[in-house]
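> Pasted the sequence and its predicted model underneath.
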Number of protein chains: 2
Amino acid sequence: MPFSFEIESTAGSARTGVFLTPHGPVETPAFMPVGTLATVKALDPDDLTAMGASMILANAYHLHLRPGDDVVREMGGLHRFMRWDGPILTDSGGFQVFSLAQLRTLSEDGVEFQSHIDGSKRFFTPELVMQIQRNLGSDVIMQFDHVIPGQSDEASARDASERSIRWLARCLAELNRLQNAPPALRLMRAEPDKTAVHLDYAPTRTGEFAAQPQHQALFPIVQGGIHGSLRREAAAAISSMHEWPGYAIGGLSVGEEKPAMYEMLDVVDDALPRTHPRYLMGVGFPEDLIEGVRRGVDLFDCVAPTRMGRNGAVFTHEGRLNIKRAEFRTDPRPLDIHCDCAACSRFTRAYIRHLFVADEILGLRLLSLHNVHFLLSLMRSAREAIRTETLEEWSREWLLRFRATSAIEV
Amino acid sequence: MPFSFEIESTAGSARTGVFLTPHGPVETPAFMPVGTLATVKALDPDDLTAMGASMILANAYHLHLRPGDDVVREMGGLHRFMRWDGPILTDSGGFQVFSLAQLRTLSEDGVEFQSHIDGSKRFFTPELVMQIQRNLGSDVIMQFDHVIPGQSDEASARDASERSIRWLARCLAELNRLQNAPPALRLMRAEPDKTAVHLDYAPTRTGEFAAQPQHQALFPIVQGGIHGSLRREAAAAISSMHEWPGYAIGGLSVGEEKPAMYEMLDVVDDALPRTHPRYLMGVGFPEDLIEGVRRGVDLFDCVAPTRMGRNGAVFTHEGRLNIKRAEFRTDPRPLDIHCDCAACSRFTRAYIRHLFVADEILGLRLLSLHNVHFLLSLMRSAREAIRTETLEEWSREWLLRFRATSAIEV
């Protein structure tokens, strides 16, 4: 099996482990930087390597629209296209179809919608979403799910959760068909395969990348809104359907209150098998990462560090600050005096503030770099705390310090 | 003397040499990337080092307005502020005052104008411009000059050129005063010097930077429009005033025809002392660099590689192309198959086109990086051609190939 998960140490529900993929291992708990359109915004893949990122995200909905998953496949798959030879997880587009796209028409078969870019009509089914992610060639692929707002009532949440489970069965059947089909059929959605010819001319001076994986790990998504019973039912139905290589927890951090989210994490922690990695989708504020780790979550992703970075917001060990504020005009300190990232080891707050005030692109890169580094580093500390059985004290102190000033600073 | 120029080899008017500054040597002929606001747009200083850039530019007008030259001085000077420990040249702002700023009022004393950012009133004199560049702490500083449009008639050109020469004398007197003043007076325009205290906390983990230079090299600017006699008169008046560490040629590539520019370069080549470096201001298209080198120019700068790069234009050995064109949608080749820059050694045209179509910041960085690398590399080839006495053949062949397709591609 090209995928496996080995737990190394535990502390309550929290655990450290290694999630092995065809593109290498992921030490968990891990934060996965988000590269929606096959690039982690404002960063270079070399920046991510230097920061110790192991697994990154991309998005099936966005890449289907631009440049087209057929283009990515023709260019040798996502790893080669974006020059990232570590593991990649692609989100299915469920969240985007139900939040970004216009004029949705939902049926049992799938969702018809208009592209948020050009208004063109599209129809996503569980089968198509598997084909798209097959073309992308990511290591971990997500089921197509029905995502609802965070505060939906139980009836809507049940409807969406049960549909997501029916769609999961269709995703699995389609993935099996694609993986077992002979090569000509496996690449069914694209033009004649010119890859071999083209790649003779492709840049390879920094070393060859692995070919597209034969096997991809399909993760189901536990839905159920903020209704514990629904979450338990979903977890049970999903785990009894198949032994999955990992389990995702969706529909959180989408407008509900924080205590409700933490409660759902407790429910799902008990309801899901402990033998496989759990991925909490779209969650990535520092405090939520720590609360998630304490509740047995192994994988996280969020656009927050790069999106907030582009707006001038900086994560620091003393809370958040906004670099555009006048008080930093001549501040000679690094963004965070406890940080050793490529921004903090070289530049002052005064300089980075100047870059932001003057709309300079380097500013966007430096804050994105710092914020992503901050979360990667936070997960390194969390792993260390679990291994040394100090998770409770470490997380209590960390959260206390971070929250004390965040309320004032942002 | 902290500045010197040694000529190594010549080929007609062209020569290779080493221009030594307090922040290290510059092998000439050299292209200087432009970091107007203390950052070469879309690039990291480490990118510049990796590409072999030796000297870079910044701009006194822009930095005076944002963040303020007093801020830069308080942060330890431009080198420390932007983390560039190689040589820096600052342009005086003459060009900007006469082209960007609103509502100018010119007098013999100086120019009153409104900031292009907030409309605030400013008054630039030759003395103030020296003080600003003293605060910035650049290695080479430019005189404040009166810049006119490229096709100005002889009377206007004479008026501006003669004023520039009178202002040059005032610049020299003020620089001498500043350099000979005791420290308290030398830093006259800023707040109490808190630098020493502040810098205790500044990031220094990648090594200390040199202190602000005690001595700065003031370059005069030869003006005169497209009038050969005026250029000769200016060159003579300037060279007889003082032995300058280098000479700049201004007011070219500002709207005049190319043959007129090349003719002026021939005139100035004969009229200026050959013992010191010549800097052709604001000129940086590949073909103009080669024509300039053939006419004895040692230093060039231009925003073209980064500005054009941000618009998707790519310099290649077969001419220019625009990466946004549909034909590159699945093109597996690097931007330029003859290039080994950090973009070309890793990414396909298809990927970089995708980044541009999707408005991704990495695209801006990769094209800026490639275009700057292209010009640095072009100057390395030019130096090699001069040393091996093959400049004429090399430049003829290079220009033929570059021009053959440029006309079609752009």
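Received it, and whenever you're ready, just let me know what you need. Numbering: from 1, shown residues only, chains lettered A, B, ... in the order given.
> beta partners for the nearest residue to A:N311 once chain neighbours are set aside?
Counting by CB to CB, 6 or more residues apart in numbering or on different chains, A:N311 lies nearest to A:N322, which is 7.9 Å off, once chain neighbours are set aside. From N, CA and C alone the C-beta is placed, and that goes for glycine too. Beta bridges link A:N322 to A:A313, judged by DSSP bridges.
> how close does A:N322 sit to A:G309?
Noted for A:N322: a distance of 11 Å to A:G309, by CB to CB, to the nearest Å.
> Between those two, which has more neighbouring residues?
Higher neighbour count among A:N322 and A:G309: A:G309, with 27 against 16, using other CB atoms under 10 Å in any protein chain shown.
> contacting residues for the more buried one?
For A:G309, the contact set (CB atoms under 8 Å, 6 or more residues apart in numbering or on different chains) comprises A:42, A:364, A:367-372.
> make it 6 Å
A:G309 is in contact with A:367-368, A:371, counting by CB atoms under 6 Å, 6 or more residues apart in numbering or on different chains.
> cool, A:R170 as well?
The contact partners of A:R170, by CB under 6 Å, 6+ apart, come to A:P126.
> Relative to its centre, which residue of chain A is most distant?
Centroid-distance maximum for chain A: A:T330 at 36.5 Å, with CA atoms, centre = their mean.
> And that residue, which helix or strand is it part of?
Assigned by DSSP states H and E, A:T330 belongs to no helix or strand.
> Surely it and B:E74 touch.
Yes: the criterion here is CB atoms under 6 Å, and A:T330 meets it with B:E74 at 5.1 Å.
> which residue ranges form the strands in the stretch 101-250 of chain A?
Using DSSP state E, counting those that start in this stretch, the strands of the stretch 101-250 of chain A run over A:102-106, A:111-114, A:121-124, A:140-142, A:217-219, A:221-222, A:247-249.
> how about low-confidence regions in the stretch 151-300 of chain A?
By pLDDT under 70, the weakly predicted segments of the stretch 151-300 of chain A are A:182-213.
> what about the helix or strand A:I352 falls within, near chain B?
Element membership of A:I352 [criterion: DSSP H and E] is helix A:349-357. Yes: using CB under 6 Å from any CB of the partner chain, helix A:349-357 comes into contact with chain B via A:350-351, A:354.
> what about the strands of the stretch 101-250 of chain A, which gets the closest to chain B?
strand A:121-124 (17.3 Å; CB to the nearest CB).
> and the closest one, how far from the chain's centre?
24 Å (CA atoms, centre = their mean, to the nearest Å).
> Stretch A:91-100 now?
Centre-to-centre, stretch A:91-100 and its host chain are 13 Å apart (CA atoms, centre = their mean).
> and it, how far apart are its ends?
For stretch A:91-100, the first-to-last residue distance is 14 Å (CA to CA, to the nearest Å).
> For the stretch 51-200 of chain A, which residues are neighbours of chain B?
A:66-67, A:71, A:74-75, A:81, A:83, A:198.
> Select from those the one having the most neighbours.
Within these, A:F81 tops the neighbour count with 28 neighbours, counted by other CB under 10 Å.
> Name all residues that make contact with it.
So A:F81 contacts A:38, A:72, A:75, B:351 (CB under 6 Å, 6+ apart).
> Show the buried residues in the residues you listed.
Those of those that meet the buried threshold are A:38, A:72, A:75, B:351, by 16 or more other CB atoms under 10 Å in any protein chain shown.
> secondary structure element for the second one?
Assigning secondary structure by DSSP H and E places A:V72 in helix A:69-74.
> what mean pLDDT does that helix have?
Taken as a whole, helix A:69-74 has a mean pLDDT of 96.
> same question, stretch A:24-34
98.
> quick one: buried residues of that stretch?
Buried positions in stretch A:24-34, judged by neighbour count with 16+ other CB under 10 Å: A:25-34.
> Can you tell me which of the contacts of A:G309 is nearest chain B?
Of all these, chain B sits closest to A:S368, with 8.5 Å by CB to the nearest CB.
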